[in-house]
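model the structure of this input:
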Amino acid sequence: MNIALAAHDSKKILMQNLCIAYKHILRKHNIFATGSTGKTVEEFTGLAVTKYLEGFLGGEQQMATHIGHNDIDLVIYLCNPQKEDLKEPGILAIMALCESKNIPFATNLATAEVLLLALDRGDLAWREILK
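Take a look at the predicted model:
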């Protein structure tokens, strides 16, 4: 399955730790990420990551395009709810596309962990039927 990752700057270390903890699951799948998130994940986990541009340089739009074409099966976008970043068009477009394409979408650690464990159990295999 194809997993897309992104994280606000204040959540990069949390994303890094999530990917370290669930490396055994993530290595079985294709990982896509916005620029600096992808670099961080790759550097600290050794996982292969297809990197988009930096989020603010168009990486979020690249991710949104893949989501819009139903090429992504799960999105983890760790957000900082204290910032105005949640009102940015990039994250709003990704949320809307995930909603319209029925793609599981996590914005916090708890939901990300639940989705990764479900992925490992095969609970998201229905995504393959939709393609």
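
got the contact list for the helix-or-strand element of the chain with minimal mean pLDDT?
Within the chain, no helix or strand scores below helix 126-130, which has a mean of 83 by mean pLDDT, DSSP states H and E. For helix 126-130, contacts defined as Cβ atoms under 8 Å, 6 or more residues apart in numbering pick out 1, 70, 73-74, 102-103. Just so you know, the C-beta spots here come from the backbone N, C-alpha and C atoms, and that holds for glycine as well.

how far away from the center of its chain is that helix?
Averaging C-alpha coordinates over helix 126-130 and over its chain gives two centres that are 18 Å apart (Cα atoms, centre = their mean, to the nearest Å).

could you do stretch 30-44 as well?
For stretch 30-44, the separation from the chain centroid amounts to 10 Å (computed by Cα atoms, centre = their mean).

return the set of buried residues in that stretch.
Of the residues in stretch 30-44, 31-38, 40-42 count as buried by neighbour count, 16 or more other Cβ atoms under 10 Å.

coming back round to it: most widely separated two among the contacts of helix 126-130?
Greatest spatial distance among the contacts of helix 126-130 (Cβ to Cβ): Met1 and Asn102, at 14.0 Å.
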